[in-house]
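S.K.: Curious how this folds, go ahead:
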Amino acid sequence: MDSPAHTPDQQQGALGAIRGVLHSRWSRRTGLVAPVYPDAVANLSGHLTELIDIAERTRHCTGQASRLAGAVICAKCPFEFPPRDCPIRKTNQCALHELAEPILNAVRLSQSALPSPPQTTAGRAS
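M.R.: Numbers count the residues shown, from 1 in each chain. A predicted model of the protein is given here:
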């Protein structure tokens, strides 16, 4: 998925929103060698561009957002094994998989709270 670069404010807003969802809704501890959330939220920084894009593209597609997030994020996850076998997801211990919709909703809200970037026309700010 080719994604535009997002500003540091957008990325920090998304990361804060994800942290908020995980603090309020995720209390599971895994016995597997896996990220422990919400403490490991910083590990998600490599996925922020994809999460912001998925949140923007699926604004009106309830239910489809989590499938798209799974397809994109799981493909890059170090715990995913061919053929799409993930011991963490299989045992319902993957926070991103279990809370995809609330996380993407929080990312959408975090992005809507930011000022819009100036529109440009032929390289000039309008």
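
S.K.: now what about stretch 41-50, what contacts it?
M.R.: Residues from elsewhere that reach stretch 41-50 (C-beta atoms under 8 Å, 6 or more residues apart in numbering): 1, 3, 5-6, 11, 14-15, 18-19, 22, 35, 51, 69, 72-73, 76, 96. Every residue, glycine included, has its C-beta placed from N, CA and C.

S.K.: Of these, which belong to helices?
M.R.: Applying DSSP state H to these, the entries found in helices are Gln11, Ala14, Leu15, Ile18, Arg19, Leu22, Leu51, Ala69, Val72, Ile73, Lys76, Leu96.

S.K.: thinking the first one is in contact with Ile52, fair?
M.R.: Yes: the pair formed by Gln11 and Ile52 meets the contact definition of C-beta atoms under 8 Å, at 7.4 Å.

S.K.: the more surrounded of these two?
M.R.: When Gln11 and Ile52 are compared for neighbours, Ile52 comes out ahead with 23 against 17, by other C-beta atoms under 10 Å.

S.K.: check contacts around the more buried one.
M.R.: Taking C-beta under 8 Å, 6+ apart, one finds Ser3, His6, Gln10, Gln11, Ala14, Val107, Gln111 in contact with Ile52.
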